[in-house]
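> turn this into a model:
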Amino acid sequence: MAQTGSSFEIYNSFRFMVSIEGLNVAAFTECSLPNLQVETEEIKEGGQNTYTHKLPVRINAGSITLRSGISRNDELLKWYLQVLKGDMKNATRTVSIIIFDSMASVIATWTFYRAYPIKWGGPALKADDSAFAIEELEFTHHGFEVA
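Numbering: from 1, shown residues only. Down below sits the predicted model:
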């Protein structure tokens with residue numbers, strides 16, 4: 001609980017960086033972090049008619065979506081193509097989303113383990129642009145931590 005009268009900074013715009021296996025291979029303007037949900041199982045107890053028990057079963061951590069990206073190489077597309085070819089052993093990566101404040105200090109780091117892309121949205125092509133654009137990249141993971 002916040003202390004009464006204490007000051008805090010309100011972040012009027014988030015700044016973030018995406019790092020895949022420690023490499024910064026692209027810049028994105030949007031990042032949707034996953035929705036976290038605890039799945040439950042309902043247990044109806046005989047003689048108890050006022051409520052049902054809801055017991056936790058598993059955590060469902062959704063996917064991460066990066067939008068409006070640009071890169072100078074095709075490393076992210078190659079990563080996605082590994083998944084399409086079924087090379088899952090080599091396709092999983094550690095992905096970090098690092099969020100900064102206005103003074104470039106780290107606010108939080110979300111690290112996703114054994115992540116791999118599940119959706120690729122291609123760009124609108126432009127004849128005068130030498131950069132490799134990425135409209136959307138969605139990936140899933142098998143565990144995460146927030147620091």
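
> so where's this protein uncertain?
In the predicted model, the chain carries pLDDT under 70 at residues 1-14, 126, 129-132.

> now the strands for it?
For the chain, the strands defined by DSSP state E cover 15-20, 27-32, 36-43, 53-61, 64-71, 93-100, 106-121, 132-140, 144-146.

> how far does the last one sit from its chain's centre?
So the one you mean is strand 144-146. A distance of 10 Å separates the centroid of the chain from that of strand 144-146, by Cα atoms, centre = their mean, to the nearest Å.

> what are the buried residues along that strand?
F144 (16 or more other Cβ atoms under 10 Å). Every residue, glycine included, has its C-beta placed from N, CA and C.

> adjacent strands (with direction) for it?
Using DSSP bridges, the strands paired with strand 144-146 are strand 106-121 (antiparallel).

> contacting residues around the strand it pairs with?
With contacts defined as Cβ atoms under 8 Å, 6 or more residues apart in numbering, strand 106-121 is touched by 11, 33, 63-65, 76-77, 79-80, 82-83, 88, 91-101, 134-147.

> equivalent analysis for stretch 136-147, please.
The contact list for stretch 136-147 (Cβ under 8 Å, 6+ apart) reads 28, 34, 61, 63-67, 69, 76, 80, 92, 95, 108-121.

> rerun that using 6 Å as the cut-off
With Cβ atoms under 6 Å, 6 or more residues apart in numbering as the test, stretch 136-147 has contacts from 63-67, 109-115, 117-119, 121.

> tell me the two of these that are most distant?
Largest separation among these by Cβ to Cβ: T109 and G121, giving 25.5 Å.

> hang on, the earlier thing: buried among the contacts of stretch 136-147? Need that as a selection in ChimeraX.
Applying 16+ other Cβ under 10 Å to those, the buried members can be selected in ChimeraX as follows:
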select :63,64,65,66,110,111,112,115,117
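
> T29: how many residues sit nearby?
T29 is flanked by 10 other residues according to other Cβ atoms under 10 Å.
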